[in-house]
Structures are given as structure tokens and as C-alpha cells.
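Visitor: Build me a model:
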Amino acid sequence: MCIRHVVPYSQMLVVIQTMTISKKIFSRLFWTTIVLLSAYYFYRALVYRYYEEGFGPTFWNKQFWFASHILTAITVLILGPIQFWNWFRIQYTRWHRLLGKIYVIGSLAGGLTACYLGLTISFQGSIVPLVFLSVLWLFTTTAAWIAIRNGNIKDHRLFMIRSYTLALSFVFLRILADLVYKHNLLFFIDSPELKDNTYEWLSWVLPLLVVELCISWIPALRQKSNIYRLGKRHIDD
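Guide: Residues are numbered from 1 along each chain as shown. As a prediction, the model looks like this:
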């Protein structure tokens, strides 16, 4: 036998309201940070591509692929926060579905163009991480589309989180580049080329691991089987 402490309803209501408000504040701060960082680093990427390195010698050599990748990336970056907005998804379901289709098309086009650019990049050490990133972006986006076609909303949402995380890899890439070359993050690596390769891998592997930790690993560790719950309930009673 065990004694169960009953929490007053009013106290429970206050706790729930406080948690809800805290969650909303955190969500708004999180998405505001994502939007500001995306806008800032996207602007820097455009400046670098237009005025520093250039788009390539000819239209079909690189210019077409760079321009296509940038246009599709803009679409995906803008639609991501809107698609994850619970209020918009509930109030405007048709728009959510339409924008979701546009997001999928933009991500697939962005992934394919990124894959081509990765295969044709002049720095050999950058080929593998960029191609792997592109393939994973294509896979997670396709998996999200298949999941929702099968009516699996939970897995659709999880794959969309993974897809958008990979779409934001260019933000993480430039943050790490600043940390490496302005704040000497990888001080233990002497080779500049090896530093570039390292933070190129980290720019998408590290965020993806953090996401998996939050949406998959920790929930799996917290989840208890039905047999365990029945057994615990029997002991408590």
C-alpha cells in the first residue's frame, strides 16, 4: 500500500498555465533566433557568391545550379517556421498542406542542386560531407512526404524536423566558420584544409545529433512499456 498525495486542482492549473507560457516564450525566442540567423547568414552567402567568388564561368557550368539552389533555399527557409507554427496549421489546414507541398518540392530541388554542386566542387575534401548532407536532406524530406501520405502524422512531423535541420546546415556552417577562423575553435588542427573539412562535417552532423537526442533518444529512454505500467499500478494498489 502507498499513500497518494492529491494536488489541488487550482495548483495544478497554475502549474500548467506557467508551463504553457514558458513554452510559448521559448518557442518564440527560438524561432526568432532561427529567422534572424538565417537572414543574416543568407545575406552573407549572397554577398560572397555575387561579389567575392562568383557564380561560375558560364551559365550551365555553375551559374544555373547556384541560382537554382539559392532560389529553392529561400523558399524552404521561409516556409519552415510557418509549417511548424501550430496555430497556422490548425486554423489554415489547406494552406498548410499547399505550403507543405511547395516545401517538399523546394527541398528536393535544393537537395539535388546541392548534390551536383558538392560533386563538382573544386575542394576534394568537401565532396563527401556535402554529398552526404544532400542525400540525407533528400531522404528525410521524402520520408516526411511518405509518412503524411500514409496518415502517420507523428513520424511526418519528426522527419520534417530532421529535414529543416539539414536545410539550416548552411547557417551552422557559417557559424562554425566564424568560430574556427575568428575565435580559433579548432586550435588543435594546423591544416586549414583539414579545419574546413572538419567544420563542414560538424555543420550538419552535430545539429542532427542534437535533434535526434531531443526527438528520439530521450523520449525512447523515458518511455515505459505497458507491462511495466501495469506492474507498477498493481504494486501501488
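Visitor: When you work out contacts or count neighbours from here on, use the C-alpha atoms and nothing else.
Guide: Fine.
Visitor: Relative to Phe84, how far out is the nearest residue to Arg157 once chain neighbours are set aside?
Guide: Spatial nearest neighbour of Arg157, excluding adjacent residues (Cα to Cα, 6 or more residues apart in numbering): Ala144 at 7.1 Å. Here the criterion is Cα to Cα, to the nearest Å. By it, Ala144 lies 13 Å from Phe84.
Visitor: cool, Arg149 as well?
Guide: Between Arg149 and Phe84 the computed distance is 18 Å (Cα to Cα).
Visitor: who has more neighbours, Ala144 and Phe84?
Guide: Neighbours per residue, other Cα atoms under 10 Å: of Ala144 and Phe84, the larger number sits with Ala144, 24 against 16.
Visitor: tell me which strands and helices the helix or strand in which Ile102 is found is in contact with?
Guide: Ile102 belongs to helix 93-119 when elements are defined using DSSP states H and E. Here helix 93-119 touches helix 64-83, helix 86-91, helix 127-149, going by 3 or more Cα pairs under 8 Å, 6 or more residues apart in numbering; DSSP states H and E.
Visitor: Enumerate the positions of the helix or strand Val171 falls within that are buried.
Guide: Using DSSP H and E, Val171 sits within helix 169-182. Neighbour-count burial for helix 169-182, counted by 16 or more other Cα atoms under 10 Å, picks out Ser169, Phe170, Val171, Phe172, Leu173, Arg174, Leu176, Ala177, Val180.
Visitor: Over to stretch 83-95?
Guide: Gln83, Phe84.
Visitor: what's the average pLDDT for it?
Guide: What stretch 83-95 shows for mean pLDDT is 92.
Visitor: let's have the chain start at 521 instead
Guide: I'll keep to 521 as the first residue from here, and by that count the last item is stretch 603-615.
Visitor: Can you give me the end-to-end span of it?
Guide: Per Cα to Cα, the first residue of stretch 603-615 is 9 Å away from its last.
Visitor: Tabulate the helices and strands packed on helix 613-639 in a markdown table, adding columns for distance to Tyr560.
Guide: Shown next, in a markdown table, are these (distance: least, Cα to Cα, whole Å):
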| stretch | distance to Tyr560 |
| --- | --- |
| helix 584-603 | 12 |
| helix 606-611 | 25 |
| helix 647-669 | 22 |
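Visitor: between those, which gets nearest to Lys715?
Guide: helix 647-669 (13.2 Å; Cα to Cα).
Visitor: relative to helix 613-639, how tilted is that closest one?
Guide: Here helix 647-669 runs at an angle of 160 degrees relative to helix 613-639 (axes from the mean of the first three to the mean of the last three Cα atoms, to 10 degrees).
Visitor: what is the orientation angle of helix 647-669 with helix 689-702?
Guide: Per the same axes, to 10 degrees, the angle that helix 647-669 makes with helix 689-702 is 150 degrees.
Visitor: next structured bit after helix 647-669?
Guide: Immediately after helix 647-669, counting by DSSP H and E, sits helix 673-687.
Visitor: What lies in contact with that following helix?
Guide: 593, 596-597, 600, 627, 653, 656-657, 660-661, 663-668, 724, 727-728, 731, 735 (Cα atoms under 8 Å, 6 or more residues apart in numbering).
Visitor: Just the buried ones out of those, please.
Guide: Here, 16+ other Cα under 10 Å leaves 593, 596-597, 600, 627, 653, 656-657, 660-661, 663-665, 667, 724, 727-728, 731 buried among the contacts of helix 673-687.
Visitor: middle-most residue in this structure, spatially?
Guide: Nearest to the mean C-alpha position of the chain, by Cα atoms, centre = their mean, lies Thr685 at 1.1 Å.
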